[in-house]
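Asker: Below are the sequence and a predicted model for it; my questions follow.
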Amino acid sequence: MTAIDEAVVVPMDDLIVGDDWEGRDVNNVGVINDVVSVARKSGSVKVTITPCQPKTLSHLPKRPPVDIAFSDLVYTVTEGNKNTAKNILKSVSGRLKSGELTAIMGPSGAGKSTLLNILTGYKCSGVKGSITINGHERNLSQFRKLSCYIMQDNQLHANLSVEEAMHVATSLKLGSDISKDSKYQVIQEILETLGLQEHRRTMTSNLSGGQKKRLSIALELVNNPPIMFFDEPTSGLDSSSCFQCISLLKSLSRGGRTIICTIHQPSARLFEMFDHLYTLAEGQCVYQGSTKQLVPFLGTLGLECPSYHNPASYLIEVSCGEYGDNVRKLVTAIQNGKHDIQVGKPFPNLENLNNVNQKDIIKSSNLSTNLIEIDKLSKSVESDSLLQYGGNQFTKPDNSINNSELRSIKTEKYNNGDEASDALLKNGLPSSQQRYATSELAQFWIVFKRTLLFSRRDWTLMYLRLFAHILVGFLIGSLYYDIGNDGAKVLSNLGFLFFNMLFLMYTSMTITILSFPLELPVLIKENFNRWYSLRSYYLAITLSDIPFQAIFCIMYVGIVYYMTSQPPEMFRFGMFLSACLLISFVAQSVGLVVGAAMNVQNGVFLAPVMSVPFLLFSGFFVSFDAIPIYLRWITYLSYIRYGFEGTALATYGYDRAILKCHQVYCHFKKPLTTLRELDMTDASFQLDIVALIIIFFVLRISAFVFLRWKLKSSR
Ligand SMILES: Nc1ncnc2c1ncn2[C@@H]1O[C@H](COP(=O)(O)OP(=O)(O)OP(=O)(O)O)[C@@H](O)[C@H]1O
């Protein structure tokens with residue numbers, strides 16, 4: 001019989017209690033694959049740790065570890081007609097350290113998402129307090145290059161495969177100085193590490209919820225951000241997928257990244273996987289520290305977590321007031337996030353606290369007087385004393401600060417290591433001056449190609465548009481067959497010219513109304529995570545449909561022009577076509593403005609309704625002279641009028657010969673008579689074209705301004 005009776009392999013994760021990642025670059029996924037062999041030999045246990053080669057993402061750009069600290073964060077919104085202020089976050093403080101997986105937890109409405117939005121920089125207005133990065137006041141622009149925000153709903157383009165989505169992400173986020181081969185390696189490595197390799201050809205719309213979540217992470221991982229924020233990463237996942245998802249986040253944090261996620265109420269199994277817990281209740285911090293210290297800490301406050309009870313659930317129950325009014329007690333104990341409860345460190349002095357009478361604590365809408373006092377004290381000691389436990393790798397954490405001790409705290413000013421960190425931070429950036437990894441031209445080209453790919457994939461709409469233009473073209477051609485050269489049918493021909501405007505306007509406008517509303521969630525995510533500028537995106541999206549619309553319009557005009565026997569002269573056809581094309585493009589722009597300025601319901605109703613005055617003042621129903629003077633200005637805004645006038649001039653202007661007539665009297669036999677009846681004798685085709693071009697540009701610029709406003713107001 002051998003000396004070793006039994007050997008068990010235990011995941012290293014079960015034994016490690018927080019690695020120290022100080023000074024390491026964030027280039028390691030840190031998948032924990034070390035194993036521990038536990039051998040039992042006649043009652044004694046021999047533990048052998050066999051380190052395995054950690055799974056690394058060797059091709060990712062090197063990034064420095066980043067610690068975040070925030071102090072006295074207040075977030076206020078104004079509500080109602082009287083503009084009453086509502087405090088959502090009430091002077092909370094805290095720290096989020098690199099190499100740790102942090103959960104922001106709390107009851108519904110506690111302010112988790114608000115805090116996350118503020119920390120990511122997604123919300124900036126109405127925020128007071130300080131946020132520091134590695135001990136320095138946060139520079140939002142630089143911070144956003146170091147961080148990514150993965151929002152709750154996986155905002156992915158459905159018409160791309162996993163690999164294509166990764167290609168777009170690498171092209172946009174890694175820049176042109178990195179070779180194609182390296183980008184390919186990055187994609188392969190990330191997909192392999194995140195278990196998506198075998199799904200690389202699957203369309204994102206066909207992925208499961210967990211796979212979508214992993215893909216969202218993979219897309220942001222390509223430029224290796226040292227800080228990753230997740231809003232409810234486990235929402236909508238089953239327990240097994242939740243476990244996989246949190247395991248992945250834990251692995252990422254083990255690579256030295258700062259991983260922060262909001263979570264509603266994790267199971268006990270998930271809860272144990274988090275290193276750091278930040279809990280909010282009623283906009284205040286009720287616990288900050290190691291997950292392992294939660295139960296003992298609550299115990300010191302007389303809040304005994306029942307055996308076999310999930311500590312996370314217990315804390316939420318306490319925060320919801322199920323065991324009495326303990327929120328104020330917890331807020332005071334943890335100093336609204338200024339304390340950080342750590343393993344192996346004494347708890348804050350809670351003696352006085354246990355005797356705290358409810359009378360000593362002011363209403364929860366304000367900070368306790370105790371806290372305010374502490375705040376004042378802390379400020380008087382050193383303005384940034386919070387940084388002592390603010391996760392800065394060059395300061396010593398002190399999690400046992402109390403009232404008296406605060407007075408004696410000497411803030412450790414940052415030493416040489418601080419400069420090193422700063423340099424590392426700067427070196428870790430693609431370029432400190434550049435906002436995006438690629439030039440705007442490159443961004444435009446990548447997004448443009450992606451949009452064309454969507455159009456190719458989603459051929460239903462393209463076929464429908466093609467079919468509609470050809471079908472309606474033949475229908476109109478048959479209805480107005482051979483009337484273009486008949487002096488007796490000029491009025492019908494004018495009806496045909498007006499219908500062209502109507503048809504081209506509606507088909508172009510209704511297509512683009514939905515362009516932005518459908519894309520907005522992905523646009524918000526990608527633009528916020530610095531994939532591309534809004535300008536590049538806007539140009540790509542708006543220009544990508546122009547060729548298609550032009551082709552459909554040319555086909556339609558070609559059919560109706562020939563079938564209705566309009567003058568067979570090339571220059572007239574050219575004029576007719578250019579007026580029709582411009583009407584299409586202007587109507588597209590109207591759709592874009594409406595889509596950018598309002599939501600889908602309002603837009604779908606308003607766009608056609610808003611077009612009615614333009615149709616009325618087009619010159620077809622009422623001639624210019626018959627319009628009351630005070631309403632004439634509308635005709636100058638009516639793009640339909642310019643289009644109608646342009647096509648009328650193309651068919652009846654420029655000394656067109658007398659029309660054939662098979663009736664005894666033809667009033668409109670002379671084309672000039674038609675123009676006179678329409679008040680178009682002095683009209684200029686060139687002016688119509690210039691007016692349409694000006695309206696086109698004004699609308700395109702307006703759509704951009706509205707889109708930018710919408711993007712900002714969505715935060
Ligand atoms: N713009 C606003 N105007 C008024 N109240 C707001 C606004 N934004 C947030 N709130 C309020 O702030 C509180 C915190 O909201 P937040 O979304 O951060 O909560 P949460 O903890 O993430 O909740 P949940 O877990 O249910 O998502 C809520 O009571 C919410 O109604």
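Answerer: Nice, I can see it. Numbering: from 1, shown residues only.

Asker: Remind me which helix or strand the residue nearest the centre of the chain belongs to.
Answerer: With distances taken as C-alpha atoms, centre = their mean, the chain has residue 525 as the residue nearest its mean C-alpha position (1.7 Å). Using DSSP states H and E, residue 525 maps to helix 515-528.

Asker: Give the other helices and strands that that helix contacts.
Answerer: Here helix 515-528 touches strand 147-150, helix 534-544, helix 570-597, helix 685-713, going by 3 or more C-beta pairs under 8 Å, 6 or more residues apart in numbering; DSSP states H and E. The C-beta positions use only the backbone N, C-alpha and C, and glycine is treated the same way.

Asker: what angle separates it from helix 570-597?
Answerer: If you take axes from the mean of the first three to the mean of the last three C-alpha atoms, to 10 degrees, helix 515-528 sits at 60 degrees to helix 570-597.

Asker: can you list contacts of helix 515-528?
Answerer: For helix 515-528, the surrounding residues in contact (C-beta atoms under 8 Å, 6 or more residues apart in numbering) are 120, 122, 144, 149-151, 153, 155-157, 532-534, 537, 541-542, 545, 591-592, 595-596, 599-600, 603, 707, 710-711, 714.

Asker: re earlier: dump the helices and strands packed on helix 515-528 into JSON lines; add mean pLDDT, distance to residue 248 and mean neighbour count as well.
Answerer: Shown next, in JSON lines, are the helices and strands packed on helix 515-528 (pLDDT from 0 to 100; distance: least, C-beta to C-beta, whole Å; neighbours: other C-beta atoms under 10 Å):
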{"stretch": "strand 147-150", "mean pLDDT": "89", "distance to residue 248": "12", "mean neighbour count": "24"}
{"stretch": "helix 534-544", "mean pLDDT": "92", "distance to residue 248": "29", "mean neighbour count": "19"}
{"stretch": "helix 570-597", "mean pLDDT": "94", "distance to residue 248": "36", "mean neighbour count": "22"}
{"stretch": "helix 685-713", "mean pLDDT": "94", "distance to residue 248": "29", "mean neighbour count": "16"}
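
Asker: mind putting the ones you listed in a markdown table, distance to residue 108 included?
Answerer: Below are those laid out as a markdown table (distance: least, C-beta to C-beta, whole Å):
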| stretch | distance to residue 108 |
| --- | --- |
| strand 147-150 | 21 |
| helix 534-544 | 33 |
| helix 570-597 | 33 |
| helix 685-713 | 25 |
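
Asker: Buried residues, the helix holding residue 525. List them.
Answerer: Using 16 or more other C-beta atoms under 10 Å as the test for burial, helix 515-528 gives 515, 516, 517, 519, 520, 522, 523, 524, 525, 526, 527, 528.

Asker: which stretch among the helices and strands packed on helix 515-528 comes nearest residue 71?
Answerer: Among the helices and strands packed on helix 515-528, strand 147-150 comes nearest to residue 71, with 18.7 Å by C-beta to C-beta.

Asker: ok now the closest one, how far from the chain's centre?
Answerer: Strand 147-150 sits 9 Å away from the centroid of its parent chain (C-alpha atoms, centre = their mean, to the nearest Å).

Asker: try stretch 461-469
Answerer: Here stretch 461-469 is found 31 Å from its chain centre; the criterion is C-alpha atoms, centre = their mean.

Asker: With stretch 198-215 instead?
Answerer: Averaging C-alpha positions (C-alpha atoms, centre = their mean) puts stretch 198-215 19 Å from its chain's average.

Asker: Excluding its own residues, what touches it? List them.
Answerer: 154, 156-163, 165-166, 191, 194-196, 233, 236-238, 241, 244-245, 248.

Asker: do stretch 458-474 as well
Answerer: Residues contacting stretch 458-474 (C-beta under 8 Å, 6+ apart): 159, 455, 503, 507, 511, 548, 552-553, 555-556, 558-560, 563.

Asker: Pull out the buried members of those.
Answerer: Among the contacts of stretch 458-474, those classed as buried by 16+ other C-beta under 10 Å are 159, 503, 507, 511, 548, 552, 553, 556, 559, 560, 563.

Asker: can you tell me the helix or strand for the second one?
Answerer: Looking back up the chat, that one is residue 503. Counting by DSSP H and E, residue 503 is part of helix 490-513.

Asker: who does that helix touch, helix- and strand-wise?
Answerer: Where contact means 3+ C-beta pairs under 8 Å, 6+ apart, helix 490-513 is packed against helix 459-479, helix 546-563, helix 570-597, helix 600-616, helix 639-652.

Asker: So for residue 702, which of the ones you listed sits nearest?
Answerer: Smallest distance to residue 702 across these (C-beta to C-beta): 5.2 Å, for helix 570-597.

Asker: Any idea how far that closest one is from the middle of the chain?
Answerer: Worked out by C-alpha atoms, centre = their mean, helix 570-597 lies 31 Å from the chain centre.

Asker: And the pLDDT at residue 428?
Answerer: With respect to pLDDT, residue 428 has a value of 44.

Asker: Quick check: residue 502 vs residue 550, distance?
Answerer: Plainly put, residue 502 is 19 Å away from residue 550 if you go by C-beta to C-beta, to the nearest Å.
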